[in-house]
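Enquirer: Sharing a sequence plus its predicted fold:
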Number of protein chains: 2
Amino acid sequence: MAQALRLGIAGLGTVGVGVVKIVRRQAALLAARTGRPIEIAAVSARYAGKDRGVSLSGYDWEDDAVALARRDDVDVFVELMGGSDGPAKAATEAALAAGKDVVTANKALLAIHGQSLAEQAEAAGRVIRFEAAVAGGIPVIKALTESLAGNDITRVMGVMNGTCNYILTRMESEGLGYNALFEECAKLGYLEADPNLDVGGIDAAHKLALLAAIAFGTKPDFDAVEIEGIQRISLDDIHQAADMGYRIKLLGVAKRTPRGLEQRMQPCLVPAESPLGRLEGGTNMVVIEGDAVDRIVLHGPGAGEGPTASAVLGDICDLARGFRLPTFGQPAASLEQAQPARTGLPAPYYLRMALLDKPGALAKVAAALGDAGVSIDRMRQYGHTDTTAPVLIVTHKTTRAEIDTAVEALSRTDVLAMDPVALRIEEV
Amino acid sequence: MAQALRLGIAGLGTVGVGVVKIVRRQAALLAARTGRPIEIAAVSARYAGKDRGVSLSGYDWEDDAVALARRDDVDVFVELMGGSDGPAKAATEAALAAGKDVVTANKALLAIHGQSLAEQAEAAGRVIRFEAAVAGGIPVIKALTESLAGNDITRVMGVMNGTCNYILTRMESEGLGYNALFEECAKLGYLEADPNLDVGGIDAAHKLALLAAIAFGTKPDFDAVEIEGIQRISLDDIHQAADMGYRIKLLGVAKRTPRGLEQRMQPCLVPAESPLGRLEGGTNMVVIEGDAVDRIVLHGPGAGEGPTASAVLGDICDLARGFRLPTFGQPAASLEQAQPARTGLPAPYYLRMALLDKPGALAKVAAALGDAGVSIDRMRQYGHTDTTAPVLIVTHKTTRAEIDTAVEALSRTDVLAMDPVALRIEEV
């Protein structure tokens, strides 16, 4: 049997512990499948001595992840600390500089510094693998870079933040409001330390930026992702959407258009009967469209100890087998700088607003929309409180820019009781 | 740029033509992604001169696939002829003997001769890749052998024959009988030359045998697959199943059990609201369960020019990139000979029969079931013609052996107007 592949694991949170458990439990299986033993040389985490439910006594301990990354007895640096800067970045750079391959679950790090890290890796003859960074246990990176390598990818889209999907589907199934479910998720530990990463769409946007890079052969460009969170989605929106045969999802879409690369992560209405519309709870789903394959749909757990560790191990096994691929599927120098198409192609929009009970209010709304070039497909006024009247509008196909102009014009009128909610209706 | 990877393509049917088209159309993309040009050196097919909608004038022509496989200017032999024996087998063996890697879409060849071919490939230091052989454009082979390499796989199941799923879902949606849809499929060219390969479940069983081998590290054992086709499924079965919240699917299940390796390809009732239950038309779906990943679901086109060619190209790109893996994911010599568990674990069964209108008929049925150890959960008699009464029974959990015993006992009574239809109810 060939020489062992020796891991240095930095970060012993949920995923790190999951990786340690698999390496211990599946030693024989991993060796049979890869042709060589996979071993842990050393580990590192913020707090030593904490009980993590798995024995670490056989492994050297490093307080400093950078020191771990540089150890002579480490072949692969497994970065599971998280964070786009700080120790994760320093240790990843140190690992590459010291001639180690890197496996990471860190979407933020790669979405923001991916291009420079990929260049550094290639200069050092090393590779960075990140299956676990996008959609947990679902093998979407491998599907795009390897399985579909013969395709011109036309669109990638997906629901890639389980917490947001959990909130949105529970709003519908339990009739609970956004705030109640946000509190529940906080208690259950489903939220990132900064919850805005989840509910603000940032975490999912990091993932989308990585998918766009490998799908289209472009430099990852997180800053070009149009991001909108789910914080303003109300139970009323969920019900109105359902009434029309839609469900609201925090949907990421990356697509090449004649006006440039479209990258959007925003709550959208999708047909309730589509695979994305049917996605329940905390799972993730990614839809990939290519000129040859047509469309494949990948569905599974997007987070959690086992699924994310499974993805990390997939990458480690590839390295043990000697599979070596540039970080984003093709050499970093060959990645294009895509022109961002800031707003998507025209689509129908869902607009919900509450009008003050004044004569002529509806006429002012209609005028503001008309002036912005937004034409109305359907409008309904429903319910009614003492002072305000909820109004729901579905527009004909229009651009986000026109919608934004219309919303701005509306906000200058004196008839709105709240800022309108504007959601794209996505044909998936 | 590195040296070109030169293909010899044998078989220019739908898939072969699809591969030629992609290699021509995506030359730049393939080279950017793999770091080397991918070229066609020569092709071979049964009839030269036929118009296939793509120019072949730049490639050498071989009448004989074996000669093609042996050419000095071929690095990878791409076998797209089909058939478990004959030219496909001879040419594949010739290619391996001549030191070529092989990419194939041939499920029958590998399900039946996979073990010996894998051994031959390894002895020659060559590899055989077959992503296109199972579930067309869906990257299920790669998911199992690579992405999920850190998992102890617990169950693999799926709908892997698009024609059968097309027939079954159209029976429900159009209210058409099996025979009418069989004729329609024949006209549309959806059926294999021997339609029993499709509707008899054999094609899908070939695929299941391959999935089982890579999932469980066992020698492919097609003979051990319990196979049942969809020919006896009636519109009545479809409607009765729907009434109870189920849909009928030709479902493959491979699972390790304490009694051995279970491999079944048979029509089953699955919950209508499950991903498998919702699968419409000619697409395929594979569900993989592993101890770490929990469950992932892969869905997409299981056949057709583009999707199947996409899978072939994925394998070719892997070879161009230097990824080399034993045929079934681990060395052929390390694959176990699994003990077949001929019948699955106990499950509820759906039984439909037509009773002759005789006094005591139902009592005889109940007695035959009881004597075989099959206990009844629900029974209903419905409709009624002049002379026969349809009866539907759902049993408590029971084994296939007990059901078979009961059915045999029933057939010895004088009360049946037709052989009973017995379908497993699978909790997916």
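Expert: Ah, there it is.
Enquirer: Find the closest residue to chain B in the stretch 1-150 of chain A.
Expert: Checking the stretch 1-150 of chain A residue by residue against chain B with CB to the nearest CB singles out residue A:150 as nearest, at 2.7 Å. (Each C-beta comes from the backbone N, C-alpha and C, glycine too.)
Enquirer: How about the contacts made by the residue nearest to that residue when sequence neighbours are not counted?
Expert: Spatial nearest neighbour of residue A:150, chain neighbours left out: residue B:313 (2.7 Å); criterion: CB to CB, 6 or more residues apart in numbering or on different chains. Residues in contact with residue B:313, defined by CB atoms under 8 Å, 6 or more residues apart in numbering or on different chains, are A:149, A:150, A:151, A:292, B:19, B:22, B:23, B:26, B:30.
Enquirer: So which of those residues is the closest to residue B:67?
Expert: Set against residue B:67, the nearest of the contacts of residue B:313 by CB to CB is residue B:19 (19.4 Å).
Enquirer: contacting residues for that closest one?
Expert: Taking CB under 8 Å, 6+ apart as the definition of contact, the neighbours of residue B:19 are B:9, B:78, B:80, B:309, B:312, B:313.
Enquirer: Check residue A:104 too.
Expert: By CB under 8 Å, 6+ apart, the contact set of residue A:104 is A:78, A:79, A:80, A:88, A:92, A:110, A:128, A:129, A:130, A:132, A:133.
Enquirer: Look up which helix or strand the residue sitting furthest away from the middle of chain A falls in, please.
Expert: When distances to the mean C-alpha position of chain A are computed (CA atoms, centre = their mean), the maximum falls on residue A:359, with 44.9 Å. Here residue A:359, judged by DSSP states H and E, is contained in no helix and no strand.
Enquirer: ok, now how distant is it from residue B:386?
Expert: The span separating residue A:359 from residue B:386 equals 73 Å under the rule CB to CB, to the nearest Å.
Enquirer: do residue A:241 as well
Expert: Residue A:241 sits at a distance of 52 Å from residue B:386 (criterion: CB to CB).
Enquirer: So for those two, which residue has more residues nearby?
Expert: Ranked by neighbour count (other CB atoms under 10 Å in any protein chain shown), residue A:241 and residue B:386 place residue A:241 first, with 27 against 5.
Enquirer: doesn't residue A:249 make contact with that one?
Expert: No - in terms of CB atoms under 8 Å, residue A:241 does not count as a neighbour of residue A:249; the distance is 9.8 Å.
Enquirer: Tell me where the model's unsure across chain A.
Expert: Along chain A, segments meeting pLDDT under 70 span A:1, A:343.
Enquirer: Spatially central, which residue of it would that be?
Expert: Note on chain A: the residue nearest the mean C-alpha position is residue A:204, at 2.4 Å, using CA atoms, centre = their mean.
Enquirer: Find the nearest non-adjacent residue to that residue, please.
Expert: Once its chain neighbours are removed from consideration, residue A:204 has its nearest residue in residue A:161; the separation is 4.0 Å (CB to CB, 6+ apart).
Enquirer: check contacts around that neighbour.
Expert: A:198, A:201, A:203, A:204, A:207, A:250, A:284, A:302.
Enquirer: Tell me the secondary structure at residue A:281.
Expert: Look at residue A:281: counting by DSSP: H, G, I helix; E, B strand; the rest coil, its state is coil.
Enquirer: Pull the number of nearby residues for it.
Expert: Residue A:281 has 12 neighbouring residues, counting by other CB under 10 Å.
Enquirer: Please apply the same query to residue A:286.
Expert: The number of residues packed around residue A:286, counting by other CB under 10 Å, is 28.
Enquirer: now do residue A:184
Expert: Using other CB under 10 Å: residue A:184 sits among 15 other residues.
Enquirer: what do you get for the one 4 residues further on?
Expert: For residue A:188, the tally of surrounding residues (other CB under 10 Å) stands at 11.
Enquirer: Same check on residue A:324?
Expert: There are 15 residues near residue A:324, going by other CB under 10 Å.
Enquirer: Also the one 3 residues further on?
Expert: By the other CB under 10 Å criterion, the neighbourhood of residue A:327 contains 28 residues.
Enquirer: All set now, cheers.
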